[in-house]
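Participant: Any chance you could fold what I've pasted below:
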Amino acid sequence: MPDESEWADASGLRVVAIEDEREPLARETLELISESIGDVQPVDDLLSEIEECRRGMATGGDYHLVAMVDADGRPAAAAAGIWLEAVNAGFITYLAVREDARGMLLGRGLRAHLVQAIRQEAQRKTGRDPAYTVGEVRRGSPWLQTLVGAGAVIPFAFPYFHPWMPRRSEGKYILYREPMADARPELSADEVVRLVYAIWRRAYRIRFPLQSDTFCYMVQYLEEHGVIGTHADFVPPGAG
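Facilitator: Residues are numbered from 1 along each chain as shown. The predicted model follows:
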């Protein structure tokens, strides 16, 4: 049997926390993410993340992979994320749903399980909730618009790049935060710099972010602005 934790889900699918990279479900789930999104880290690198956690290695925060599994044992949806220990924040790395299972709101439900797993790790190791959960999403995402409209997330007001984005792609992605223990509407530039550094260094395993032109571009922008609030494209009319 896989070394995994399971929850019953109202959809009839099993929600599985994958904790052993040697089980076929681990690779199948990561391949679903890779095939659905495309622009992701190599599957073997992500399997190594799971192995490091299984072996109890010090990583600066655990890697979490959860899947919704159908009656045939195949992943219908997948979500992955990391607790960024250095800044006490969760980071949602990937969320994917199999093509034939889309439209069932599986991703939303699975994301909630992932966030709870990150919360439990933070509570176990620090005795408190994460400050917030963050994630990156395409700027025009209807999902992001829905969450912003509900007041659930705050899109950061700066040009965000993940490590493999060229400067010409500025504005393609938004970094957002979902407040947990810290609901401040604004953060200092220093806090955001440390957060983005933790994303690049821990989640994406970039050895020297400060050698990257796009990372330094973000740092310069943040330091010039001092305080970072909500992205102007997502401020409700009449607010501010």
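Participant: Met165: which element?
Facilitator: According to DSSP states H and E, Met165 maps onto no helix or strand at all.
Participant: Which residue is the nearest non-sequential neighbour of the residue nearest in space to the middle of the chain?
Facilitator: Against the mean C-alpha coordinate of the chain, by CA atoms, centre = their mean, the closest residue is Ile92 at 1.0 Å. Ranked by CB to CB, 6 or more residues apart in numbering and with sequence neighbours excluded, the top spatial neighbour of Ile92 is Gly135, at 3.7 Å. Heads up, the C-betas are built off the backbone N, CA and C, glycines and all.
Participant: Which of the three states applies to the one you found?
Facilitator: Reducing the assignment to helix, strand or coil with DSSP: H, G, I helix; E, B strand; the rest coil, the entry for Gly135 is strand.
Participant: just checking, what packs against the helix or strand the residue nearest to the centre of the chain falls within?
Facilitator: Remark: Ile92 resides in strand 89-97, with elements defined by DSSP H and E. Where contact means 3 or more CB pairs under 8 Å, 6 or more residues apart in numbering; DSSP states H and E, strand 89-97 is packed against helix 24-37, strand 75-84, helix 106-126, strand 132-138, helix 189-198.
Participant: what sits up against the fourth one?
Facilitator: The one in question is strand 132-138. Contacts of strand 132-138 with the rest of the structure, by CB atoms under 8 Å, 6 or more residues apart in numbering, involve 81, 89-93, 115, 118, 143-144, 160, 162, 172-182, 195, 199.
Participant: rewinding a little: any chance of the helices and strands packed on strand 89-97 in JSON lines, plus distance to His231, mean pLDDT and mean neighbour count?
Facilitator: Putting those into JSON lines (distance: least, CB to CB, whole Å; pLDDT from 0 to 100; neighbours: other CB atoms under 10 Å) gives the following:
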{"stretch": "helix 24-37", "distance to His231": "23", "mean pLDDT": "95", "mean neighbour count": "19"}
{"stretch": "strand 75-84", "distance to His231": "21", "mean pLDDT": "96", "mean neighbour count": "27"}
{"stretch": "helix 106-126", "distance to His231": "21", "mean pLDDT": "93", "mean neighbour count": "18"}
{"stretch": "strand 132-138", "distance to His231": "12", "mean pLDDT": "95", "mean neighbour count": "21"}
{"stretch": "helix 189-198", "distance to His231": "12", "mean pLDDT": "98", "mean neighbour count": "19"}
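Participant: buried set for stretch 84-92?
Facilitator: Neighbour-count burial for stretch 84-92, counted by 16 or more other CB atoms under 10 Å, picks out 84-85, 87-92.
Participant: For that stretch, which outside residues touch it?
Facilitator: Contacts with stretch 84-92, where a contact means CB under 8 Å, 6+ apart, come from 60-61, 79-83, 111, 114-115, 118-119, 122, 125-126, 128, 130-135, 177, 180-181, 191, 194-195, 198-199, 202-203.
Participant: where does this protein have low pLDDT?
Facilitator: 1-11, 236-240 (pLDDT under 70).
Participant: picking up where we left off before, could you give the bridge partners of the residue nearest to the centre of the chain?
Facilitator: Beta-bridge pairing of Ile92, defined through DSSP bridges, involves Gly81, Gly135.
Participant: for Val97, same thing?
Facilitator: Going by DSSP bridges, Val97 is paired in beta bridges with Ala77.
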